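In: Predicted coordinates and the sequence they were generated for:
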Amino acid sequence: MVESACLQHHTSTTRTNRKPDWSQLPTDIYEVILSKLPLRSILRWKAVCHSCYNVTKDILETSTSFTWLAEAPWLLLYQDIDHDDLEDVDDDAGHDEGSLFEKIIEEEEGLSIDREDTLLRRKKKPFVFYNLEGIKFSKSKNSIPEELHHGAFLGSSQGWLLFLNKKLEFVLVNPLLSGTSQLSLPPLSDFPDIINITYDLDGPIITGTIRERHSYPAIRIFTSLEDFWKRFRTKVVVCPQPTCSSTSSSRSRNNIFGVMIMYCIVNNPRLAGEYNLAFCKTNGDLTWTKLDEHRGGYTDIMWNHNQLYALRSNRSTVTVWDFTNSIFPIYKTDIEADAGAIQRTVHHESYRTYIIKTVEGLLLVWRTWRTNSPDRFHAFKLDYSDGSCRWIEVESIGNIALILDSNESILISPHNAPGWDKNSIYFVRKLPNNARGYGLYVFSLHKKGSKKVKKKLHTNLPYGVTTPVFLG
């Protein structure tokens with residue numbers, strides 16, 4: 001059906017010597033064709049002509065059922081103008097401005113640093129994206145609005161980036177869909193635990209409530225956006241419409257109905273905070289709503305099939321919030337599991353925990369590290385085999401790979417992203433021995449060891465970005 005429709009369309013346009021008008025192709029057939037392509041190829045096609053652009057743009061931004069072929073994630077870095085990573089990837093200098101994906105550089109061409117140095121500095125933008133297809137890096141233009149380049153970056157979820165701009169407004173932007181997908185959320189002045197905001201000649205003065213673990217709440221005054229951000233810890237989750245069947249569909253602004261932020265405000269950035277949850281709807285909500293105020297204490301959150309999973313501060317209990325029949329979160333249950341296996345296994349001083357939902361159930365991943373020692377990972381699954389509920393350690397997470405950073409956990413299938421190792425965890429960490437930059441590593445759960453994938457990622461992180469960020 002698809003082939004005959006395309007052949008008939010091609011024949012009719014050839015007879016009249018006119019350029020094909022792809023907007024005349026039935027939308028359902030067009031969607032079937034595009035669903036066989038990864039997003040990079042779709043957006044190359046979108047740039048072919050005006051008719052391709054119009055119909056593809058309409059499908060990407062309005063269709064609630066369309067999904068594209070899965071591909072590897074992207075890596076977001078903050079590029080240092082004085083020390084560009086030109087020895088590893090190409091820059092996009094010399095190309096016209098356009099959508100992020102419409103100007104992709106696929107192959108390294110050995111750009112001359114001396115010849116292009118002036119042009120690179122003039123065209124440089126802070127945020128740079130790298131495609132990791134087959135673990136091969138290629139740099140691309142970014143479409144993050146200029147006014148957000150010097151705002152505070154707060155987190156990422158399903159391709160969306162959350163910023164707090166200089167006007168103290170929360171802004172969601174999706175660089176995957178050019179500059180059209182941008183959502184304004186209720187401002188910081190309406191956020192929980194923010195008492196007051198005033199301004200003087202030097203900028204904003206923010207008064208907020210400090211909530212540190214094992215301490216009573218206290219009041220603190222912050223004298224700048226940067227001062228506030230250093231003590232405002234967040235993780236963001238976007239909530240797609242129930243009709244969205246995959247992560248890909250949630251990238252349209254019309255398919256996002258809410259945003260959940262796990263947050264805390266601390267006095268000392270080195271101390272652990274007491275994380276709480278705040279939610280807002282994207283269809284005109286005027287304020288943020290604090291959830292579970294009297295229970296509090298979370299360490300990670302994630303979204304899966306109309307449910308929000310929140311790992312509590314004891315790192316063994318999971319609270320589930322349901323959105324199936326509501327656009328506002330409804331408390332469903334607490335999954336309280338025996339953590340004896342975790343206590344017997346994890347002994348490192350520093351750690352980070354992630355809650356992950358797979359087709360086989362819940363996973364709890366512990367990332368542990370020591371100074372000048374490689375990161376290690378332990379994976380635990382929720383087990384009910386003996387009639388009780390407990391976490392048990394596993395050496396395999398199946399034919400998938402995980403990507404973990406400070407903002408998001410991403411599941412990828414090596415089948416859809418060739419070059420990635422299954423039953424492995426990919427992560428970015430600062431290079432040892434005070435070396436400048438970051439390295440991309442992969443940890444094998446079976447071999448219990450890690451290896452370096454990317455030798456060096458030059459980046460000079462702005463305030464608001466603690467580590468390089470993956471976009472899934």
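Out: Received it, and whenever you're ready, just let me know what you need. These numbers come from a predicted model, not from an experiment. Numbering: from 1, shown residues only.
In: Next, work out how far apart Ser388 and Glu336 are.
Out: Per Cβ to Cβ, to the nearest Å, Ser388 is found 10 Å from Glu336. From N, CA and C alone the C-beta is placed, and that goes for glycine too.
In: for Gly284, same thing?
Out: 37 Å.
In: Looking at these two, which is more packed in?
Out: A count of neighbours by other Cβ atoms under 10 Å puts Glu336 above the other of Gly284 and Glu336, at 13 against 7.
In: Contact partners for that one?
Out: Ser316, Thr317, Cys389 (Cβ atoms under 8 Å, 6 or more residues apart in numbering).
In: what bridges to it?
Out: Thr317 (DSSP bridges).
In: Not counting residues beside it along the chain, what's closest to Trp391?
Out: Phe380 (4.1 Å; Cβ to Cβ, 6 or more residues apart in numbering).
In: Tell me how many other residues crowd that neighbour.
Out: Residues near Phe380, counting by other Cβ under 10 Å, number 23.
In: and if you look at Trp74?
Out: Quick note: Trp74 (other Cβ under 10 Å) scores 22 neighbours.
In: That one against Phe129, yeah?
Out: Yes - counting by Cβ atoms under 8 Å, Phe129 is a contact partner of Trp74 at 5.2 Å.
In: Now list whatever residues contact both of those two.
Out: With Cβ under 8 Å, 6+ apart, Trp74 and Phe129 have common neighbours Leu471.
In: ok, which stretches of the stretch 101-250 of the chain are strands?
Out: In the stretch 101-250 of the chain, the strands defined using DSSP state E, counting those that start in this stretch lie at 127-131, 138-140, 152-157, 160-164, 170-173, 182-184, 194-200, 203-210, 218-222, 232-240.
In: Distance check, Pro186 against Phe163.
Out: In terms of Cβ to Cβ, Pro186 sits 14 Å off from Phe163.
In: Do you have the helices of the stretch 51-200 of the chain handy? List them.
Out: 113-123 (DSSP state H, counting those that start in this stretch).
In: how about low-confidence regions in it?
Out: By pLDDT under 70, the low-scoring segments of the stretch 51-200 of the chain are 64-65, 70-71, 78-127, 131-143, 176-181.
In: for the stretch 251-400 of the chain, same thing?
Out: Looking at the stretch 251-400 of the chain by pLDDT under 70, you get 251-255, 271-272, 293-296, 348-349.
In: Swap in 80 and give it another go.
Out: 251-256, 268-273, 283-285, 292-296, 347-350, 370-373 (pLDDT under 80).
In: Do a quick rundown of the helices in it.
Out: Under DSSP H, counting those that start in this stretch, the stretch 251-400 of the chain gives helices at 340-345.
In: Kindly state the domain boundaries assigned to this structure.
Out: 2-62, 144-336, 345-394 (automatic domain parsing).
In: re the thing from before, most neighbours of all the contacts of Glu336, which one?
Out: Result: Ser316 is most packed of the contacts of Glu336 (other Cβ under 10 Å), 22 neighbours.
In: any idea how far that residue is from Ala339?
Out: For Ser316, the distance to Ala339 - Cβ to Cβ - is 4 Å.
In: quick one: common contacting residues for these two?
Out: Trp391.
In: re the thing from before, bridge partners for the residue nearest to Trp391, pull those for me.
Out: Leu364, Glu393.
In: Now do the contacts for it.
Out: Contact partners of Phe380, counting by Cβ under 8 Å, 6+ apart, are Ala341, Ile342, Leu363, Leu364, Val365, Trp366, Trp391, Ile392, Glu393, Val394.
In: re earlier: as TSV, the domains of the chain with distance to Leu471 would be great.
Out: Below are the domains of the chain laid out as TSV (distance: least, Cβ to Cβ, whole Å):
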stretch	distance to Leu471
domain 2-62	11
domain 144-336	6
domain 345-394	17
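In: ok, now which ones touch Asp285?
Out: Counting by Cβ under 8 Å, 6+ apart, Asp285 touches Leu185, Pro186.
In: One more: Lys357?
Out: By Cβ under 8 Å, 6+ apart, Lys357 lies in contact with Met302, Asn304, His305, Tyr309, Leu363.
In: list the contacts for the closest residue to Phe170 other than its chain neighbours?
Out: Excluding the flanking residues, the one nearest Phe170 by Cβ to Cβ, 6+ apart is Leu185, at 3.9 Å. Contact analysis of Leu185 by Cβ under 8 Å, 6+ apart lists Glu169, Phe170, Val171, Leu172, Val259, Cys280, Thr282, Asp285.
In: quick one: the fifth one and Cys52, what's the gap?
Out: Looking back up the chat, that one is Val259. Distance of Val259 to Cys52, computed by Cβ to Cβ: 32 Å.
In: okay, those two: which has more neighbours?
Out: Val259 (24 against 19).
In: Touching, Ser388 and Leu382? I think so.
Out: No - using Cβ under 8 Å, Ser388 is not in contact with Leu382; the gap is 10.9 Å.
In: any shared contact partners between the two?
Out: The contact lists of Ser388 and Leu382 share no entry, where a contact means Cβ under 8 Å, 6+ apart.
In: quick one: which of those two has more around it?
Out: Leu382 (16 against 9).
In: contacting residues for the nearest residue to the more buried one once chain neighbours are set aside?
Out: Among residues not flanking Leu382 along the chain, Leu362 sits closest, at 4.4 Å (Cβ to Cβ, 6+ apart). Counting by Cβ under 8 Å, 6+ apart, Leu362 touches Tyr309, Val318, Ile335, Ile355, Ile356, Lys381, Leu382.
In: swap in Thr345?
Out: Trp366, His378, Glu393.
In: Quick one: residues contacting the first one.
Out: Same thing as Trp366. Ile342, Thr345, Val346, Tyr351, Arg352, Thr353, Phe377, His378, Phe380.
In: Among those, pick out the one closest to Arg231, please.
Out: Closest to Arg231 out of the contacts of Trp366 is Arg352 (18.7 Å), distances taken as Cβ to Cβ.
In: Can you name the residues bridging to the residue lying closest to Asn304 once chain neighbours are set aside?
Out: Using Cβ to Cβ, 6+ apart and skipping the chain neighbours, the partner closest in space to Asn304 is Lys357 (3.9 Å). Assessed by DSSP bridges, Lys357 has beta-bridge partners Leu362.
In: Quickly note the distance from Lys357 to Thr207.
Out: Distance, Lys357 to Thr207, using Cβ to Cβ: 38 Å.
In: list the contacts for the residue nearest to Thr223 when sequence neighbours are not counted?
Out: Nearest residue to Thr223, sequence neighbours excluded (Cβ to Cβ, 6+ apart): Ile205, at 5.9 Å. The contact partners of Ile205, by Cβ under 8 Å, 6+ apart, come to Ile197, Thr198, Tyr199, Ile221, Phe222, Thr223.
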